[in-house]
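S.K.: how would this look folded up:
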Amino acid sequence: MCGIAGILSSSIDLRGEKEAIWNISRSLRMRGPDAFGEYTKSNVSLIHRRLSVIDVENGAQPMRFGKYIIVYNGELYNTDEIRNELKGCGYTFDTDCDTEVVLKAYDKWKEKSAEKFNGIYAYAVYNEEDNGLFLCRDRIGVKPLYYTQKNGIFAFASRMESLLYVPGVERVCSREGLNEIFMLGPAKTIGKTVFRDIRELPPAVYMTYEDGKPETKEYWKLRAEESFESELEAQEHTHFLVTDAIKRQLVSDVPLCTFLSGGLDSSIISKVASDEYRERGEVLSTYSVDYDDNDKYFKSSLFQPNKDSDYINLISDYIGSRHHNVVLNNKAVAEALIDAAIARNAPGFTDVDSSLLLFCKEVKRNYTVCLSGECADEIFGGYPWYHRTEVLFEETFPWSRTVDVRRGILRDGFLPEGEEYAHSAYLDTVAKTDYLSTDSKLERRMREMFILNMDWFMQTLLVRKDVMSMESSLEVRVPFCDWRIVEYAYNMPWKIKAYEGREKGILRKAFENELPEIITWRKKSPYPKTFNPVYLSEVKKMVDYVINDKQCPLYEMLNIEAVRALMDNPDSLKEPWYGQLMRAPQVLAYILQIYVWIRKYNIEFDY
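M.R.: As a prediction, the model looks like this:
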């Protein structure tokens, strides 16, 4: 994995912008600590930071072929197939890296090449002859790509912060950005960011930029198709796709491990990986995360019925992995909220972010690549809101059913359109859903839930995983985001997907003969969070400082007394802010992260 950036300018000579170019490159250094590359002419600069994973000795970027120059971030999992097809067309190859395959595929098929790729990627191809640019992002949106256009300059980058160094880009948050933060965050609308001047290239979209005009096109979309498979055929098909995706993603020239939580998804990945390693005569390493004294303070709930630690050793022993349990210090998790917000360049997923950041840093001590189980819940119906009939048909985001909690911490009259903003975002997403005329009311709703979860909850988790892992210079692959699995799951009838009425029922059934029964049929449990009161105590100390800083613009946005009341009585918060994990300690941490973001980037507000 890598960090990429580029600038095209018709207004300034980029050869004189060495400081800006260096600042952009430096802002990407954690995404690519192994090598640095740059291509700069008067009207264009392409920047690359490399984390070497495949063909470590070669693959330097920017890479040239004829009139085309590429900067690429990602991994292709069907590299061999595309390379062989290109060889059949007369192409030759100097490296084993997928960058060369992507570049020559573009030379052969232009924008149609994107439809051939199976992987996680964001890349740009520059045409020296006509000064044109092609940008592309993977179907699911695993790898990030942001862009800006202002004052005769067009720029793109893997991080929003990188674009803040582009001449003319202002550190301003508009009213739209505030609604994204307070009414939707830590999720966000696809294509939007918290910065007025910066936009996101959506997943499954490519952009062409010629003569100062950007044009975007969606090259993949989920389409409703009728399924004729039996339950048994669906089990076999699911097993094949998931297993194939995992095996494809085990390719690496540097050390690789897996995350293992003791839940279904990570256990499937680790079992398949362990079997592959055993055939090579190797032992797979697995990693899990926990917190100081978490067993002592754990509280069972509807969303988190049991502890991961009860299951991790069981599955590790079963697959024969070399397991490492990383135990985090709660004060460190609280302090890392600051680093996590800076890494994300925005307020984020609070301790769900900060704990992952610390965890990834520990894994990076010994490994460069790992596999993780994100996104099975979104596509196979793993969350409680898929199965609670009193929630399922509500016309709202099921993980954030009202903005009452959000409204409660804001001063009276601030963002009065907030409820409408959030509901419009919901309606716009549902409107994207493709149906069959024969779909029942339940099947239609399950398709809508699929799109809602994929475009919102999944995207939040993918941004989190990419940012926190790459901040640690660790590449994380997510096999369940293979577009073939996503496309297949979208068209699986709900009665088959929810086999025996269970969350991820078909996935459980597909792998029940390869895992211990207690793991296969264990009730869904989310990412582990800390229950230790030390964490909340540390967060409250930091938030107390925040709400007493009257010079910060945040002070005028908040209902300070309501925030103090929440600090004094955390149990008064009955509904989570977002999803299953953001309750009072996380709401307070979110306020802290907003403050950190404002102060770090000297944010001005346009509202």
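S.K.: Give me the distance between the two termini of stretch 527-539.
M.R.: 20 Å (Cα to Cα, to the nearest Å).
S.K.: contacting residues around it?
M.R.: If you take Cβ atoms under 8 Å, 6 or more residues apart in numbering as the criterion, stretch 527-539 is touched by 261, 289-294, 296-299, 304, 307-308, 328, 330-331, 333-335, 337, 351-352, 355-356, 570, 581, 584-585, 588-589, 592. Just so you know, the C-beta spots here come from the backbone N, C-alpha and C atoms, and that holds for glycine as well.
S.K.: can you tell me which of these are in strands?
M.R.: Val289, Asp290, Tyr291, Leu328 (DSSP state E).
S.K.: follow-up on the earlier one: are any of the contacts of stretch 527-539 buried, and which?
M.R.: Buried members of these, scored by 16 or more other Cβ atoms under 10 Å, are 261, 289-292, 294, 298, 304, 307-308, 328, 330, 333-334, 337, 351-352, 355-356, 570, 581, 584-585, 588-589, 592.
S.K.: So which of those sit within helices?
M.R.: 294, 330, 333-334, 337, 351-352, 355-356, 584-585, 588-589, 592 (DSSP state H).
S.K.: Minimum pLDDT in those, which residue is that?
M.R.: pLDDT across these is lowest for Asn294, at 78.
S.K.: ok, it to Val534 distance?
M.R.: Going from Asn294 to Val534 by Cβ to Cβ, to the nearest Å gives 11 Å.
S.K.: still on that earlier bit, generate JSON lines for the ones in strands among the contacts of stretch 527-539, with distance to Ile598 and pLDDT as supplementary columns.
M.R.: Listed next are the ones in strands among the contacts of stretch 527-539 as JSON lines, based on distance: Cβ to Cβ, whole Å; pLDDT from 0 to 100:
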{"residue": "Val289", "distance to Ile598": "29", "pLDDT": "94"}
{"residue": "Asp290", "distance to Ile598": "33", "pLDDT": "93"}
{"residue": "Tyr291", "distance to Ile598": "29", "pLDDT": "93"}
{"residue": "Leu328", "distance to Ile598": "27", "pLDDT": "96"}
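S.K.: Closest one of those residues to Gln235?
M.R.: For those, the closest approach to Gln235 (Cβ to Cβ) belongs to Val289, at 31.2 Å.
S.K.: same for the helix or strand of the chain with the lowest mean pLDDT, what does it pack against?
M.R.: None of the helices or strands of the chain scores lower by mean pLDDT, DSSP states H and E than helix 294-297, at a mean of 73. Using 3 or more Cβ pairs under 8 Å, 6 or more residues apart in numbering; DSSP states H and E as the contact test, no helix or strand touches helix 294-297.
S.K.: From the rest of the structure, what touches it?
M.R.: Contact with helix 294-297 is made by Lys307, Ser309, Pro528, Thr530, Phe531, Asn532, Pro533, as judged by Cβ under 8 Å, 6+ apart.
S.K.: Can you give the distance of that helix from its chain's centre?
M.R.: The chain centre lies 29 Å from the centre of helix 294-297; the measure is Cα atoms, centre = their mean, to the nearest Å.
S.K.: Give the buried residues for the helix or strand just after it.
M.R.: As assigned by DSSP states H and E, the chain's next helix or strand after helix 294-297 is helix 309-319. By 16+ other Cβ under 10 Å, the buried positions in helix 309-319 come out as Ser309, Tyr311, Ile312, Ile315, Ser316, Tyr318, Ile319.
S.K.: Then stretch 65-77?
M.R.: Residues Tyr68, Ile69, Ile70, Val71, Tyr72, Asn73, Gly74, Glu75, Leu76, Tyr77 are the ones in stretch 65-77 that count as buried (16+ other Cβ under 10 Å).
S.K.: what separates the last one from Glu129, distance-wise?
M.R.: The spacing between Tyr77 and Glu129, counted by Cβ to Cβ, is 32 Å.
S.K.: One more: Asn151?
M.R.: 25 Å.
S.K.: Give me the distance between the most centrally placed residue in the chain and Cys481.
M.R.: In the chain, the residue lying closest to the centroid (Cα atoms, centre = their mean) is Leu462, at 1.4 Å. Distance of Leu462 to Cys481, computed by Cβ to Cβ: 7 Å.
S.K.: tell me, what's touching the two both at once?
M.R.: Residues touching both Leu462 and Cys481 (Cβ under 8 Å, 6+ apart) are Ile140, Val142, Glu374, Cys375.
S.K.: And the furthest pair within those?
M.R.: Ile140 and Glu374 (10.2 Å).
S.K.: Quick check: neighbours shared by these two?
M.R.: With Cβ under 8 Å, 6+ apart, Ile140 and Glu374 have common neighbours Met458, Leu462, Cys481.
S.K.: which one of those is nearest Ser162?
M.R.: For the shared contacts of Ile140 and Glu374, the nearest to Ser162 is Leu462 (19.0 Å; Cβ to Cβ).
S.K.: give me the element the residue of the chain most remote from its centre is part of.
M.R.: Distance from the C-alpha centroid of the chain peaks at Gly90, with 37.2 Å (Cα atoms, centre = their mean). Assigned by DSSP H and E, Gly90 belongs to no helix or strand.
S.K.: Could I get the contacting residues of it?
M.R.: Neighbour list for Gly90: empty [criterion: Cβ under 8 Å, 6+ apart].
S.K.: Output the below-cut-off pLDDT ranges for the stretch 151-300 of the chain.
M.R.: Within the stretch 151-300 of the chain, the stretches with pLDDT under 70 are 297-300.
S.K.: could you pull out the strands for the stretch 101-250 of the chain?
M.R.: 119-127, 132-137, 146-150, 153-157, 172-174, 199-200, 205-210, 213-218 (DSSP state E, counting those that start in this stretch).
S.K.: Could you count how many residues lie near Glu575?
M.R.: When neighbours are defined as other Cβ atoms under 10 Å, Glu575 has 10 of them.
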